[in-house]
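Visitor: Here is my input; please provide its structure:
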Amino acid sequence: MGVFRLLLAVLVAVSHMGKKFAGLNPGVIAVISFLIISGFVMASLIERNYREPRKIGLFYIDRALRLYPQFLVYFVASCLVIHFLLPGTPQAAELTWKTLSTSLLMLPLGYYMFGVGGTEILPPGWSLGLEMSFYLLIPFLLIFKAQGVAFAVSVGIFLLACLGFINTDIYGYRLLPGVLFIFLCGCYLYQRNIRAMVVVTGTAVAAGLMFLAIMVGWIERRPFNAEVTLGIAVGIPLVYLLTKLKFHRMDEFLGNISYGVFLNHFVVMYLLRGFWPVAYDAHVVGAVLALSFFCSGLTYYCVERPALKLRHHLRGRAKERPVQPDSAEKIASPVGERELA
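Guide: Below is the predicted model of the structure:
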């Protein structure tokens, strides 16, 4: 799964460098798989460590310790690069106290379309806002067994968006109500009872049929509805198969650096742009990815691992016996990590 997570991060990065495949945005397709993985990991994490209402607060602290350390490093790095190397740009215009303060909260990044949070300082951050929205809701859905109702409501919102009755991009890709069912598919993949597998199989098949209908013109193609439906159709079976694989050291290492690559590739792109204008040909894309990998390795070992120790201590408080990671705990969220997201 580590290789897969890193591949998803690379697809997000190359999409931000303007690359498409068969007219489709690979970054959007990758994000959908990240959402499915996140649902899988959160179901495992809550089941093993935080399945009582009184432990929800500890779950939130766990998630903050997961998301924030590397995010803060790369957010500050991006601000510095923009301030010193990209004055007078749209990125520099966002270096205001209001935008910086709301962006640092992370959650507002997922609601940028309503004028809160920035979009240019660390562009992938909007999906972290979406991720945090999911974290706030998921313990209640799983503990109080409201997963099925939430799934049905979310599917309805997504269909309205996909068919163009409401904004397709915002409600069919960006905001939690329209994509919650995708996260929940990951939860069902973790549960793996008959009902859960019927739900995810039916969802994958229906998404595949919708993708075909969009591509042949039976459903009007709108912003990212083709990519999202393809991402669901492909992501569900891939995540199901990959969660069955055993881990090895190299796979684990590649998974460890995936979150950093997801976050830092724009910082690298801004850095290159500050010194000379670049066209993203194969050589430049390769250079951006190589530097992203290197920086991610540094921040994983210098920033992420100390936070990982704190999260393990927190989980030890949430249960009487020490946490013993199983195979499910070594799968990452959309932001990737060695053990439970």
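Visitor: Moving C-terminal from the longest helix along the chain, which element do we reach first?
Guide: Assignment by DSSP state H gives helix 56-85 as the longest helix of the chain. As assigned by DSSP states H and E, the chain's next helix or strand after helix 56-85 is helix 90-93.
Visitor: returning to that earlier point: quick check: buried residues in the longest helix of the chain?
Guide: The neighbour-count check on helix 56-85 (16 or more other CB atoms under 10 Å) flags 56, 58-59, 62-63, 65-71, 73-75, 77-79, 81-82, 85 as buried. Just so you know, the C-beta spots here come from the backbone N, C-alpha and C atoms, and that holds for glycine as well.
Visitor: cool, stretch 187-204 as well?
Guide: If you call a residue buried by 16+ other CB under 10 Å, then stretch 187-204 has these buried ones: Cys187, Tyr188, Leu189, Tyr190, Gln191, Ala196, Val199, Val200, Thr203, Ala204.
Visitor: now stretch 211-228
Guide: Buried residues in stretch 211-228, defined by neighbour count with 16+ other CB under 10 Å: Phe211, Ile214, Met215, Ile219, Arg222, Pro223, Phe224, Asn225, Ala226, Glu227, Val228.
Visitor: ok, those residues vs Leu314, which is closest?
Guide: Nearest to Leu314, judged by CB to CB, of the buried residues of stretch 211-228 is Val228 at 33.9 Å.
Visitor: From Phe140, how far out is Leu180?
Guide: For Leu180, the distance to Phe140 equals 12 Å [CB to CB, to the nearest Å].
Visitor: same question, Leu11
Guide: Going from Leu11 to Phe140 by CB to CB gives 32 Å.
Visitor: the more surrounded of these two?
Guide: Neighbours were counted for Leu11 and for Phe140 using other CB atoms under 10 Å; Leu11 has more, 20 against 13.
Visitor: tell me what the helix or strand hosting the more buried one is packed against?
Guide: When elements are assigned from DSSP H and E, Leu11 belongs to helix 2-16. Identification of packing neighbours for helix 2-16 by 3 or more CB pairs under 8 Å, 6 or more residues apart in numbering; DSSP states H and E yields helix 26-49, helix 249-256, helix 258-275, helix 282-299.
Visitor: Would you mind saying which of those lies nearest Arg174?
Guide: Once those are compared by CB to CB, helix 26-49 is nearest, at 10.1 Å.
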